[in-house]
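Asks: Predicted model, plus sequence, below.
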Amino acid sequence: MKTHAELIAHWPFADDTDDHAAGLPSRTINVEPGHAGPANRPGTAARFDGRNSRIEVPDHRALQFGQDDFSLAVWVHTDPDQDVVGTILDKFESERRRGFHLYIHTNDGATSTALANSRQLSFGVDDARADRNWADCGRPGNAVNIHGLSVINETLYAGTLETGENECGRLWRYAGGQDWVDLGNPVGCNSVHSIVEFDGHSYCSVGRYACVGSALGETLNRTPGGQVFRVDGAGEWTDCGHPGKEAGVPDDQDTGPYNKGKADDTYALCTWNGSLYAVSNHLPGVYRYEGGRDWTRIGPDHRIMTLTVFQGALHALLNGGPVFRYEGGDRWVDCGTPEGSTQTYGAAIVGGELYVGTWPGGTVCRYEGGRDWKTLGQLGYEMEIMAMTFYNGKLYSGSLPMAHVWRMDGETFTHLATLDESPVPLRRTWSMAIHDGRLYAGTLPGGRVQSFEAGKSATWDRRFPGGWHHVAAVKEGRRLKLFVDGSVRSVSTPFHPADFDLDTDFPLTIGAGADTPFTGLMSDLRLYRGALDAAEISALSTSQ
């Protein structure tokens, strides 16, 4: 193919894992070449296992792009039910926040949301650049909490809590600026919690949140919830059943201010291995959706805060502190308790490792395997770490009681902002999601959404399809561009190229990096100095 861009590296992944353009030296770890590639052509792809697979290319002058344009193109194959896909290519120095990366990312493990971003493609660059101030994106209705933020089919959704006696929580669609479109709540209970994509549709859970737990006083709207609904784009709700209804304590029985034992509040929804899962705020166990209005309880016998997927397995974060791994049937394995945790709240994967946030120590802890955890320390004087999100190469966390936002830098944390300054004892940065290249966060009790940009990102805010697809990422002048199957899917906001010097002596890594290691197949990976145009990318996407 003729192009004005200079091909500087090419990994066909046919019979080996070598660069066939410039012969850049590399070290290959657990990568299997010789698999069938696009169009089922034998011996044209390599398999990456999602754990240890990678190709490490030491820094070379050919890989120093500085402020210049560059392009990368590759065929990738993923299982459509693979929940966490990971890094395609990375040359990013995390501590200096300098470099670039291309990855397919999932943000799950958010308290009461679970799944904020599912298999969404991102191309990011950074040179320690970030907004100084957060943008106010409005208050949906009379929200006092943004219980959930989720991005589905290029749209940001929020689920809210409202505390008035004649008010109810609602599902909202973001319309830009400070505008939100009300999609309702068919039950009329006080909270809409979780919004996820499953089987090509949006699913939403509702509940009666016990406001006393957030120092918001008595729950005035006593309408019970607990149902899960399928919601279409026009706001039509279809009842998909009520997890745990048969096991719940009757609603007319008083079980105290927290409604313990009642099936009145379905909390987090999560997808794993092609199925939809739910947890209740007041009942123990995880429930699997069986279709129609049917749900099956699969254990464990503990109240669960949220769910996350790590190294291909479903994990539950428990009230009481432990983290459990699902082994099938009704079997769960205890993965240990982060030191001092009595409620393990949120989770994120960074660099292929699992991190969780805790109460009451306000710590972030890293899983070390078996039942072992390493505590990285308390975030300031905070007591609870809730929202946790991977964004453009870094981990961001939200906390209580001061509604701070923190960025993980190595094994320390940098305070970035206070998002809610309401004159109350408990303020939380509760929810986070990545949308249109920005980090969005929701708070309690202000009930507002705010957003922030670090570096520059082009994000395709759709669930990345399974099977073989061609991906191209281009840095051209003032913008980043993402192409899938020859069509442009996302363009970043503009920037000054002089603001982003991407040179770093870190290695170029294929199949691993700041996100999790890649799970799937790759074929025909190409790296160019200069910007490929749309015609050239289209030709690459139809050349197999």
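Replies: Perfect, I can see it now. Numbers count the residues shown, from 1 in each chain.

Asks: would you list every one of the strands in the stretch 151-300 of the chain?
Replies: With strands called from DSSP state E, counting those that start in this stretch, the stretch 151-300 of the chain shows them at 155-161, 171-174, 180-184, 191-198, 201-207, 228-231, 237-239, 266-272, 275-280, 286-291, 294-297.

Asks: Which among those strands is found nearest to Trp75?
Replies: strand 191-198 (24.3 Å; C-beta to C-beta). For every residue, glycine as well, the C-beta is placed using N, CA and C.

Asks: Check which helices and strands that closest one sits against.
Replies: Where contact means 3 or more C-beta pairs under 8 Å, 6 or more residues apart in numbering; DSSP states H and E, strand 191-198 is packed against strand 114-130, strand 145-152, strand 155-161, strand 201-207, strand 266-272, strand 275-280.

Asks: In TSV: those strands, plus distance to Asp499.
Replies: Below are these laid out as TSV (distance: least, C-beta to C-beta, whole Å):
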stretch	distance to Asp499
strand 114-130	6
strand 145-152	26
strand 155-161	26
strand 201-207	37
strand 266-272	38
strand 275-280	42
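
Asks: Pro497 is nearest to which of these?
Replies: Of all the helices and strands packed on strand 191-198, strand 114-130 sits nearest to Pro497, with 10.1 Å by C-beta to C-beta.

Asks: can you give me the mean pLDDT across the helix or strand following the closest one?
Replies: Note on strand 114-130: by DSSP states H and E, the next helix or strand toward the C-terminus is strand 135-136. Taken as a whole, strand 135-136 has a mean pLDDT of 98.

Asks: Against Phe310, how distant is Trp272?
Replies: 11 Å (C-beta to C-beta, to the nearest Å).

Asks: Hmm, I typed the wrong one, I wanted Ser397.
Replies: Taking C-beta to C-beta, one finds Ser397 at 17 Å from Phe310.

Asks: Asp515 now?
Replies: 13 Å.

Asks: Repeat that for Gly274.
Replies: In terms of C-beta to C-beta, Gly274 sits 17 Å off from Phe310.

Asks: of these two, who's got more company?
Replies: Phe310 (23 against 12; other C-beta atoms under 10 Å).

Asks: and that one, what are its bridge partners?
Replies: Ala313 (DSSP bridges).

Asks: so what pLDDT did it get?
Replies: Confidence for Phe310, expressed as pLDDT, is 97.

Asks: same deal with Leu525?
Replies: Per-residue pLDDT puts Leu525 at 98.

Asks: on that earlier part again, now the common contact residues for Asp515 and Phe310.
Replies: Common neighbours of Asp515 and Phe310 are listed as Ile349 (criterion: C-beta atoms under 8 Å, 6 or more residues apart in numbering).

Asks: Next, count neighbours for Gly447.
Replies: Neighbour number of Gly447 under other C-beta under 10 Å is 25.

Asks: Look up how far Ala143 lies from it.
Replies: Gly447 is 3 Å from Ala143, by C-beta to C-beta.

Asks: Nearest the middle, which residue of the chain would you pick?
Replies: Residue closest to the average C-alpha location in the chain (C-alpha atoms, centre = their mean): Asn107, at 1.2 Å.

Asks: That residue touches Leu395, doesn't it?
Replies: No. Applying C-beta atoms under 8 Å, one finds Asn107 not in contact with Leu395, separated by 10.5 Å.

Asks: what's the overlap in contacts for the two?
Replies: Residues touching both Asn107 and Leu395 (C-beta under 8 Å, 6+ apart) are Ala348, Thr389.

Asks: what comes up buried for the helix or strand encompassing His469?
Replies: Assessed by DSSP H and E, His469 sits inside strand 467-476. By 16 or more other C-beta atoms under 10 Å, the buried positions in strand 467-476 come out as Trp468, His469, His470, Val471, Ala472, Ala473, Val474, Lys475, Glu476.

Asks: Tell me which residues are up against the next helix-or-strand element following it.
Replies: Downstream of strand 467-476, the first helix or strand assigned by DSSP H and E is strand 479-484. In this structure, residues lying in contact with strand 479-484 by C-beta under 8 Å, 6+ apart are 121, 123-125, 456-460, 464, 469-474, 488-495, 534, 537, 541.

Asks: Can you pull out the low-pLDDT segments for this protein?
Replies: Counting by pLDDT under 70, the chain has low-confidence residues at 1-3, 544.

Asks: quick one, domains of it?
Replies: 6-80+465-477+501-541, 126-458 (automatic domain parsing).

Asks: Rebuild those as JSON lines, extending it with distance to Val484.
Replies: Formatted as JSON lines, the domains of the chain follow (distance: least, C-beta to C-beta, whole Å):
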{"stretch": "domain 6-80+465-477+501-541", "distance to Val484": "6"}
{"stretch": "domain 126-458", "distance to Val484": "11"}
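
Asks: how many other residues sit next to Leu314?
Replies: The tally of other residues near Leu314 (other C-beta under 10 Å) stands at 25.

Asks: okay but it is in contact with Leu307, surely?
Replies: Yes. The pair Leu314 / Leu307 is scored as a contact, 6.3 Å apart, by C-beta under 8 Å.

Asks: what touches both of these two?
Replies: Residues touching both Leu314 and Leu307 by C-beta under 8 Å, 6+ apart: Cys270, Trp272, Tyr277, Val286.

Asks: Drop anything exposed from those.
Replies: Buried among those by 16+ other C-beta under 10 Å: Cys270, Trp272, Tyr277, Val286.

Asks: what's the closest of those to Gly352?
Replies: Taking those together and measuring to Gly352 by C-beta to C-beta, the closest member is Trp272, at 18.1 Å.

Asks: Now that Met383 has come up, it's in contact with Gly357, right?
Replies: No. Taking contacts as C-beta under 8 Å, Met383 lies outside contact range of Gly357: 10.7 Å.

Asks: and those two? which has more neighbours close in?
Replies: Gly357 (32 against 18).

Asks: Just read off the phi/psi values of the more buried one.
Replies: phi -110, psi 150 (degrees, to the nearest 10).

Asks: beta partners for it?
Replies: Beta-bridge partners, per DSSP bridges, of Gly357: Gly346, Val364.
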